[in-house]
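>>> Here's my sequence, what's the structure:
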Amino acid sequence: MPRVLVIQNAAAGGPRRFGEWLVEGGLDLDVVHPYEGGVLPDDLSGHHALIALGGSPMPDDDAAMPWLAQTRALAREALERGVPYFGICQGAQVLALVAGGEVRASHGEPEIGSTALVLRGEAADDPLLRGLPERVTAIERHKDQVTVLPSGAAWLAESERCPHQAFRCGEVAWGVQFHPEVSAGRVRAAWDAERLRELGCDPDEVVRAAERDEAAAAFWMTSTRGTLLVTTSVS
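Numbering: from 1, shown residues only. Below you'll find the model as predicted:
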């Protein structure tokens, strides 16, 4: 059974339904929790793929998250060896950074909750995103973003406030700024209403929009299964 290393950066995070889809597809997830003392491996020799989840700090803020240096090292190894990589939010920013792109803190306007995305022409030939509708929605929660893609990266999706919503480096390394793992139920049950107000959002509307667009989960399940197919065929 292919074994996937998953880096979870906070107790409130986790692979959630994204992980469930992968397990249903036949992958074995090795979820490491470095924020509570879990130790990341020295290399990827024991794993067939790497998933880096989201986190609040910038992808090179080693003072806030001391394990980020090893996360970057593992991402760099994945790129060099052609090990499948999937980065979500901060994990996408890690990929952009190690591949030569640029990430800026508090850049532009934040994106919170269900957000309209547009798939670009490059997505039509992408192993993960091909076959999806041109316009989809996804849950967002970020204020930092990738401002310059690495040289040669495939630019796959964009939104009104954040151009670089999805990209691919090489053949099997993807970064997505959005959160395919977050369901409307999670937004309703766990997102702090006061914090949403501080960000200029109406908490009730954030929940309503997430519930309205929940059917989009089927699109991300499709692309997750694409991740499975790429992982098992390459590794």
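
>>> Return the backbone torsion pair for residue 156.
Dihedral pair for residue 156: phi -110, psi -30, per degrees, to the nearest 10.

>>> residues near it, how many?
25 (other C-beta atoms under 10 Å). In short, each C-beta sits where N, CA and C put it, glycine included.

>>> surely it meets residue 129?
Yes. Contact between residue 156 and residue 129 holds when scored by C-beta atoms under 8 Å: they sit 5.6 Å apart.

>>> Give the residues shared as contacts by the two.
Jointly contacting residue 156 and residue 129 under the rule C-beta atoms under 8 Å, 6 or more residues apart in numbering are 119, 123, 166.

>>> Ranking by neighbours, what's the top pick from those residues?
For the shared contacts of residue 156 and residue 129, neighbours tallied by other C-beta under 10 Å; top is residue 166, 26 neighbours.

>>> Any regions of the chain where pLDDT drops low?
For the chain, the stretches flagged by pLDDT under 70 are 217-218, 226, 228-235.

>>> Can you show me the strands along it?
3-7, 28-32, 49-52, 85-88, 102-104, 111-119, 135-142, 145-148, 154-158, 166-169, 173-176 (DSSP state E).

>>> Figure out which of these is closest to residue 63.
Proximity to residue 63 (C-beta to C-beta) singles out strand 102-104 among those, at 16.3 Å.

>>> next one: the closest one to chain centre, how far?
Centre-to-centre, strand 102-104 and its host chain are 16 Å apart (C-alpha atoms, centre = their mean, to the nearest Å).

>>> a markdown table for the shared contacts of residue 156 and residue 129, including distance to residue 181?
A markdown table is the format used below for the shared contacts of residue 156 and residue 129 (distance: C-beta to C-beta, whole Å):
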| residue | distance to residue 181 |
| --- | --- |
| 119 | 19 |
| 123 | 20 |
| 166 | 15 |
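
>>> Looking at those residues, spot the one nearest residue 4.
The closest of the shared contacts of residue 156 and residue 129 to residue 4 turns out to be residue 166 (C-beta to C-beta; 19.4 Å).

>>> what are the ranges of the helices in this protein?
For the chain, the helices defined by DSSP state H occupy 16-24, 68-81, 90-98, 184-190, 193-198, 203-212, 217-234.

>>> ok, the most centrally placed residue in the chain - contacts?
Centroid-nearest residue in the chain: residue 88, 1.2 Å away (criterion: C-alpha atoms, centre = their mean). By C-beta under 8 Å, 6+ apart, residue 88 lies in contact with 18, 51-54, 176, 178-181.
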